[in-house]
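Asks: Build me a model from this:
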Amino acid sequence: MVGVSDEERLVAEIPASLKYLVDEDDRSNKQVVISALERELGVNSNDSVAVIDRKIRRKEERLEQELEQAREHRDRVAQLKDDLDEIRELREDKVDEEGSYEDALDTLLDEMEAGDFPQVWATHPRVDDIRGEHGRSNEEILYDLKQRAADQERDLLNTNFMQQMHADTQRRAGNEQPVAEAFDGDGGDA
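Replies: Have a look, this model is predicted:
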């Protein structure tokens, strides 16, 4: 193998008494340390098979750790993708539901303009129907109806969104006006 050094640097602090003995030895510090390590570990540095086997074991262990981390990472990525798909599906359902809700409001407004339902109010059966289909409160539905009628400048009056007796009172008082002018956006009539 070209470029792979067969030697590595070893730095260690040792007791002063051992350092003294190493310094007194005729061999170099490196030779003394190699000899001591070979005796302690039961290998000969010239016997490279044992050293290579240890390197192989270490690399195999490291490879297994890396593979396990990669599997865990892949599992986390898969879970994130699943979560993202679920959230996107939820969003799509909400968009579809919102479109369906708006369609229901438009249908009722069309029916009101056609005279099928001259008046609707919070507890009107058609408002109850929309509540049952879309899970919104009657007050929210009535507010959304007024807002949509005003935004679309429908040919409806503010009194179309009241019970008959309240509508009659408003007419007599001269407070009847197009919903686009009467609706103030805060849920009430201007």
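
Asks: Using CSV, write down the CA coordinates of stretch 61-79.
Replies: The C-alpha coordinates for stretch 61-79 follow below in CSV (Å, rounded to 0.1, in the frame of the first residue of the first chain):
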residue,chain,number,x,y,z
GLU,A,61,-16.1,-2.3,14.2
ARG,A,62,-15.9,1.2,12.8
LEU,A,63,-17.7,0.1,9.6
GLU,A,64,-20.4,-1.5,11.6
GLN,A,65,-20.9,1.6,13.7
GLU,A,66,-21.1,3.8,10.6
LEU,A,67,-23.5,1.4,8.9
GLU,A,68,-25.7,1.4,12.1
GLN,A,69,-25.7,5.2,12.1
ALA,A,70,-26.5,5.2,8.4
ARG,A,71,-29.5,2.9,9.0
GLU,A,72,-30.7,5.1,11.9
HIS,A,73,-30.3,8.2,9.7
ARG,A,74,-32.2,6.4,6.8
ASP,A,75,-35.0,5.5,9.3
ARG,A,76,-35.2,9.1,10.5
VAL,A,77,-35.3,10.4,7.0
ALA,A,78,-38.0,7.9,6.1
GLN,A,79,-40.0,8.9,9.2
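
Asks: which helices and strands sit right next to the longest helix along the chain?
Replies: With DSSP state H setting the assignment, residue counts place helix 48-114 as the longest helix in the chain. Where contact means 3 or more Cβ pairs under 8 Å, 6 or more residues apart in numbering; DSSP states H and E, helix 48-114 is packed against helix 125-134, helix 138-151. Bear in mind the C-beta positions are built from the backbone N, C-alpha and C, glycine included.

Asks: Just checking the distance from it to the centre of its chain.
Replies: Averaging C-alpha positions (Cα atoms, centre = their mean, to the nearest Å) puts helix 48-114 9 Å from its chain's average.

Asks: what's the angle between it and helix 125-134?
Replies: 170 degrees (axes from the mean of the first three to the mean of the last three Cα atoms, to 10 degrees).
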